[in-house]
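K.L.:
compute the structure for the input listed below.
(chains A and B)
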There are 2 protein chains.
Amino acid sequence: MSAILVVGSVGYDTISTPKGERANILGGSANYFSLAAAHYSEGGKSPVQVRVVGVVGDDYKNEDRVMLEQRGVDIKGLQTVHGETFRWSGKYEKDMNEATTLATHLNVFENFHPAIPTEYRDSKTVFLANIDPVLQLQVLEQVKGPRLIAADTMNYWISSKKNDLLKVLERINILMINESEIRQLTGNWNTIQAAKEVCKMGPRAVVVKRGEYGFMMYTQERYFILPAFPVENVIDPTGAGDTFAGGFLGHLAQLDRDWDREDLKAACVQGCLLASFTVQDFGVEGIRKVKSADLEQRLTSYREVIS
Amino acid sequence: MSAILVVGSVGYDTISTPKGERANILGGSANYFSLAAAHYSEGGKSPVQVRVVGVVGDDYKNEDRVMLEQRGVDIKGLQTVHGETFRWSGKYEKDMNEATTLATHLNVFENFHPAIPTEYRDSKTVFLANIDPVLQLQVLEQVKGPRLIAADTMNYWISSKKNDLLKVLERINILMINESEIRQLTGNWNTIQAAKEVCKMGPRAVVVKRGEYGFMMYTQERYFILPAFPVENVIDPTGAGDTFAGGFLGHLAQLDRDWDREDLKAACVQGCLLASFTVQDFGVEGIRKVKSADLEQRLTSYREVIS
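P.N.:
Below you'll find the model as predicted:
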């Protein structure tokens, strides 16, 4: 068994896209990540177990807990406290690459302090989803010698807590970040150069998520760049980045060995393809329904698209 | 010998980018296209000869004619008329994917009517660069059974001369178009769907140029999508699309046979790589200096980036 610890948000989203609207549907980075990484809970050298640390209020539905558990996700680290669960509401215009946030209600997430259960502390793979870098550092204080630490961040932390974020960067192996955010972080509009600059800040690799244009990875002084899988009917891009991270780290964790550049490349492709399922439906519906055979088939189609 | 006829603009550009400014430098779609296609004037089954039809004023410099001739380009079809040469001035902001036009002086281009010299009429490959679709149709009336006709267009013609443009689409084999323009042409923001729709308008293939994100080709109900070559120091993106077209058609013309999907894929890669040289310097300086060995080396590097 190869364990992945994810610390991130768990909540309910209200989403409007050109294809429709949904109110109070399951969301949050930790949910998307877990459902993607759970695809690697069978097969491989070492089946993956995903361990979630987050916080929900007493309005959090039991069926949403059960859904994760049924996928083999360990949610012992999901604290339930008195109050309302985190809620986000956003809108996508015709260009679905970036959402406009309409409202963020932190609710119980406001006083969240990640307490890593003792039995989670030996997790070999750690994903610090997009939360306050101060909390990301608190997680790193609690884990014991993970093999691989990856992190995400966002514009809000880059502008408000840059010093803490820089401390995080010194301690992680891989940064996974949006294109607009890496521009903000480095002050460099050329993302090819920006990726290089991030690697000087600490990480051995940086993965730039480019929405419908796919991804760019920079590591060991070389780039690996591919487009997204062509999706004709994008319904809701929410969670695509966290799905990518879940597929990426799920693949690496399953290998259960020191990772090299070739492993990271294959991991990017896994993340990219799982994300293409997420955007095909609202919320977690797209990723939740994916079977191994679907992923295999999409990998075959993808290879035809890029070669 | 395999001849390519290009009909397009020839002019002088004044360009401002975050990397500097240049006034009255050589530009125009036909110049970028010719310099790219001229790379295939040696080797291959059938060396390519590029034939240019366009118009310049009496201020057009002789050295600019000589430069093309030295690359083996036939400029007999370049009419010189009394008046000033076409001039364009544009500015790129930090996001260098699209220029803001500051001024367009059509000058002698305003009364341009493409007269295809008799000895050009048997050209097997025809490129209708971004000019009035009415003029594009006039060119098609004059050529005799070309094997391959490709065309470009732009937002201005899509909004002002859509009916004429639709007539062009019925008669060409390949449309090469920017991402924002294919959205405008089809009214569809999903470029994956939009490419399919264009193929219903006539062309057997459509190549969507995505700037720093590379290209997407749709033909025979399948996609071929790859990123651009990662360029760390983009100086001036002007002419990248016409360079792409020149590399694309130069490669196909050199094969001198009926083209299939595999040929089109290789042609996309050639166009994409030549365009990466264009953006590395102002105006035509980038593409003008490229040697076969440079292109070979870049192809090797590109393969490493995408596989």
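
K.L.:
tell me where the stretch 51-200 of chain A has strands.
P.N.:
Secondary structure of the stretch 51-200 of chain A (DSSP state E, counting those that start in this stretch): strands located at A:74-80, A:86-91, A:100-105, A:125-128, A:148-152, A:174-178.

K.L.:
so which of these comes closest to A:Ala115?
P.N.:
Comparison of the strands of the stretch 51-200 of chain A against A:Ala115 by Cβ to Cβ identifies strand A:74-80 as nearest, at 7.1 Å. C-beta here means a position set from N, CA and C on the backbone, and glycine is covered the same way.

K.L.:
what's the most buried one of the strands of the stretch 51-200 of chain A?
P.N.:
Greatest average neighbour count among these goes to strand A:125-128 (a mean of 28), per mean count of other Cβ atoms under 10 Å in any protein chain shown.

K.L.:
so for it, what's the average pLDDT?
P.N.:
On average, the pLDDT along strand A:125-128 is 98.

K.L.:
what does stretch A:159-175 give?
P.N.:
Stretch A:159-175 carries an average pLDDT of 98.

K.L.:
how distant is it from the center of its chain?
P.N.:
16 Å (Cα atoms, centre = their mean, to the nearest Å).

K.L.:
alongside chain B, which residues does the stretch 1-150 of chain A contribute?
P.N.:
A:Pro18, A:Lys94, A:Asp95, A:Met96 (Cβ under 8 Å from any Cβ of the partner chain).

K.L.:
how near is the closest residue to the first one other than its chain neighbours to B:Asp122?
P.N.:
In space, and not counting its chain neighbours, A:Pro18 is closest to A:Lys94: 5.8 Å by Cβ to Cβ, 6 or more residues apart in numbering or on different chains. Applying Cβ to Cβ, to the nearest Å, the value for A:Lys94 to B:Asp122 is 45 Å.

K.L.:
got it, and A:Gly44?
P.N.:
For A:Gly44 relative to B:Asp122 (Cβ to Cβ), the value is 61 Å.

K.L.:
pLDDT value on A:Ser46, please?
P.N.:
pLDDT at A:Ser46 comes out at 83.

K.L.:
scratch that, A:Met1 is what I was asking about
P.N.:
A:Met1 is assigned 86 on the pLDDT scale.

K.L.:
which residue does the stretch 1-150 of chain A have closest to chain B?
P.N.:
Closest residue of the stretch 1-150 of chain A to chain B, Cβ to the nearest Cβ: A:Lys94 (4.3 Å).

K.L.:
where do the helices sit along the stretch 51-200 of chain A?
P.N.:
A:62-70, A:133-142, A:155-160, A:162-171, A:179-186, A:191-200 (DSSP state H, counting those that start in this stretch).

K.L.:
can you redo these as TSV with distance to B:Gln297 and mean neighbour count?
P.N.:
Below are these laid out as TSV (distance: least, Cβ to Cβ, whole Å; neighbours: other Cβ atoms under 10 Å in any protein chain shown):
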stretch	distance to B:Gln297	mean neighbour count
helix A:62-70	50	13
helix A:133-142	41	18
helix A:155-160	37	14
helix A:162-171	34	16
helix A:179-186	28	20
helix A:191-200	18	19
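
K.L.:
so for B:Thr100, which of the ones you listed sits nearest?
P.N.:
Once the helices of the stretch 51-200 of chain A are compared by Cβ to Cβ, helix A:179-186 is nearest, at 19.6 Å.

K.L.:
by contact count, what packs against that closest one?
P.N.:
helix A:155-160, helix A:191-200, strand A:205-209 (3 or more Cβ pairs under 8 Å, 6 or more residues apart in numbering or on different chains; DSSP states H and E).

K.L.:
circling back: tell me how many other residues surround the residue nearest to A:Pro18.
P.N.:
Look at A:Lys94: counted by other Cβ atoms under 10 Å in any protein chain shown, it has 10 neighbours.

K.L.:
wait, what's in contact with A:Ile182?
P.N.:
A:Thr191, A:Ala194, A:Ala195, A:Val198, A:Val206, A:Val208 (Cβ atoms under 8 Å, 6 or more residues apart in numbering or on different chains).

K.L.:
related to what we said a few turns ago, from the residues of the stretch 1-150 of chain A next to chain B, list the buried ones, please.
P.N.:
Among the residues of the stretch 1-150 of chain A next to chain B, those classed as buried by neighbour count (16 or more other Cβ atoms under 10 Å in any protein chain shown) are A:Met96.

K.L.:
show me the two of the residues of the stretch 1-150 of chain A next to chain B that sit farthest apart.
P.N.:
A:Pro18 and A:Asp95 (9.6 Å).

K.L.:
identify the contacts common to these two.
P.N.:
Looking at what touches both A:Pro18 and A:Asp95 (by Cβ under 8 Å, 6+ apart), the common residues are B:Trp189.

K.L.:
residue contacts, the residue most central in space within chain A?
P.N.:
Nearest to the mean C-alpha position of chain A, counting by Cα atoms, centre = their mean, stands A:Asp242 at 2.4 Å. For A:Asp242, the contacting residues are A:Gly8, A:Ser29, A:Ala30, A:Tyr32, A:Phe33, A:Ala36, A:Ala129, A:Asn130, A:Asp152, by Cβ under 8 Å, 6+ apart.

K.L.:
now the third one: how far from B:Thr219?
P.N.:
A:Ala30 sits at a distance of 42 Å from B:Thr219 (criterion: Cβ to Cβ).

K.L.:
about what we covered before: nearest to B:Val134, out of the helices and strands packed on helix A:179-186?
P.N.:
Closest among those, using Cβ to Cβ: helix A:191-200, at 40.3 Å.

K.L.:
A:Leu252 contacts A:Trp259, correct?
P.N.:
Yes - using Cβ atoms under 8 Å, A:Leu252 and A:Trp259 qualify as a contacting pair, with a distance of 5.3 Å.

K.L.:
so for the two, which sits in the more crowded spot?
P.N.:
Using other Cβ under 10 Å, the more surrounded residue of A:Leu252 and A:Trp259 is A:Leu252, with 28 against 21.

K.L.:
can I assume that one sits in a helix?
P.N.:
Yes - assessed by DSSP: H, G, I helix; E, B strand; the rest coil, A:Leu252 belongs to a helix.

K.L.:
report the contact partners of it.
P.N.:
Per Cβ under 8 Å, 6+ apart, neighbours of A:Leu252: A:Thr125, A:Leu148, A:Trp259, A:Asp263, A:Leu264, A:Ala267.

K.L.:
lowest pLDDT pick from the residues you listed?
P.N.:
Within these, pLDDT is lowest for A:Trp259, at 91.

K.L.:
assign the residue nearest to the centre of chain A to helix, strand or coil.
P.N.:
With three-state DSSP as the criterion, A:Asp242 reads helix.

K.L.:
can you tell me the closest non-neighbouring residue to A:Leu165?
P.N.:
Nearest non-adjacent residue to A:Leu165, counting by Cβ to Cβ, 6+ apart: A:Pro133, 4.3 Å away.

K.L.:
quick one: mean pLDDT for stretch A:217-226?
P.N.:
97.

K.L.:
for the residue lying closest to A:Thr101 once chain neighbours are set aside, name its beta-bridge partners.
P.N.:
Leaving aside its chain neighbours, A:Thr101 sits nearest to A:Gly90 (5.1 Å; criterion: Cβ to Cβ, 6+ apart). Applying DSSP bridges to A:Gly90 gives these bridge partners: A:Ile15, A:Thr101.

K.L.:
hang on, isn't A:Gly90 packed against A:Thr238?
P.N.:
Yes - proximity of A:Gly90 to A:Thr238 meets the contact threshold set by Cβ under 8 Å, at 7.1 Å.

K.L.:
list residues touching both of these two?
P.N.:
A:Asp13, A:Ile15, A:Ala99.

K.L.:
quick one: residues contacting the last one.
P.N.:
Applying Cβ under 8 Å, 6+ apart to A:Ala99 gives the contacts A:Gly90, A:Lys91, A:Tyr92, A:Pro237, A:Thr238.
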